[in-house]
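K.L.:
with the input below, show me the fold.
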Amino acid sequence: MSTRLSRLAAATAVAALVVAACGGADPAPETTQAAATTATVAPPPAPETGPPADYTAFRAQPTACGAGRPPEAAAPSFAAPGDAGLDTAATVEVTISTSCGDLVILLDSALAPETVNSFVFLATNGFFDGTASHRIVPGFVVQAGDPTATGFGGPGYVLPDELPPAEYIYRRGDVAMANGGPGTGGSQFFIAFADLGLPTDFTVFGRIGSGFDVLDRIESIPLGRSRSGEMSAPLETLYIESVSVTGSTG
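P.N.:
Numbering: from 1, shown residues only. You can find the predicted model right below:
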């Protein structure tokens, strides 16, 4: 696949980039979708021999990149994000330690202050530690941040949108929030494997500073078909072992 996805290819892939709205009593699917007509419902239970259906099933798989399996995720829930004490003009450096290596992410507080505050708040409270990525689409995105690994989990609250301008192009290495419509972002995020022809419906809040080799290793994890039929279910589990704040510049 070329580095830049065509809008048609992106629309096809994005239609299934579904995560659940966080914090509501009845989760609505979150999605980075190019087609507003895409309808999503809670997936049916997966057969025992099918792809991983939830976090427990991901824990039963081998770990990606030959890594060890970290302790189970604690999956705390919060009514709202606390104040992480960030300068709203700061660039915050966080290190996402994964089964395949470290990704250093530069979070842009000026671009998306509420989203960055929430991400740092969750990180410092261990929310992401031990969670598993439930979706990898080569040439498109890796999706993570759901403690249930179902695509329907979140932190217990939702975030306002802090969307980029209409002319923005999502680039390889961008970190953005998945959602199920306006104002439904929570903890689930995606990292772009390529430049993407997406509509600007997804809050961009950071970018990889270093670790593109790790991103390449993640993109090569073996996959099977998900319950929706998409070739995106990791057959070796990619864990977020920890997320730590490693620097900040005003």
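
K.L.:
make it CA atoms for all contacts and neighbour counts henceforth
P.N.:
Noted.

K.L.:
measure stretch 105-119 end to end?
P.N.:
12 Å (C-alpha to C-alpha, to the nearest Å).

K.L.:
buried residues in it?
P.N.:
105-109, 111-119 (16 or more other C-alpha atoms under 10 Å).

K.L.:
quick one: least confident helix or strand in this protein?
P.N.:
Lowest on mean pLDDT, DSSP states H and E among the helices and strands of the chain sits strand 18-20, with a mean of 41.

K.L.:
what packs against the helix or strand hosting V94?
P.N.:
For V94, the host element (DSSP states H and E) is strand 91-98. Using 3 or more C-alpha pairs under 8 Å, 6 or more residues apart in numbering; DSSP states H and E, the elements in contact with strand 91-98 are strand 101-108, strand 239-249.

K.L.:
contacting residues around that strand?
P.N.:
Residues outside strand 91-98 that contact it (C-alpha atoms under 8 Å, 6 or more residues apart in numbering): 102-110, 238-250.

K.L.:
quick one: the longest helix seen in the chain to strand 101-108, angle?
P.N.:
Taking DSSP state H as the criterion, the chain has its longest helix at helix 113-124. Interaxial angle, helix 113-124 versus strand 101-108 (axes from the mean of the first three to the mean of the last three C-alpha atoms, to 10 degrees): 150 degrees.

K.L.:
export the buried residues of stretch 105-119 to CSV and tack on pLDDT and distance to S77?
P.N.:
Below are the buried residues of stretch 105-119 laid out as CSV (pLDDT from 0 to 100; distance: C-alpha to C-alpha, whole Å):
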residue, pLDDT, distance to S77
I105, 98, 24
L106, 98, 25
L107, 98, 23
D108, 96, 25
S109, 95, 23
L111, 95, 26
A112, 97, 22
P113, 96, 21
E114, 97, 18
T115, 98, 17
V116, 97, 18
N117, 97, 16
S118, 98, 13
F119, 98, 14
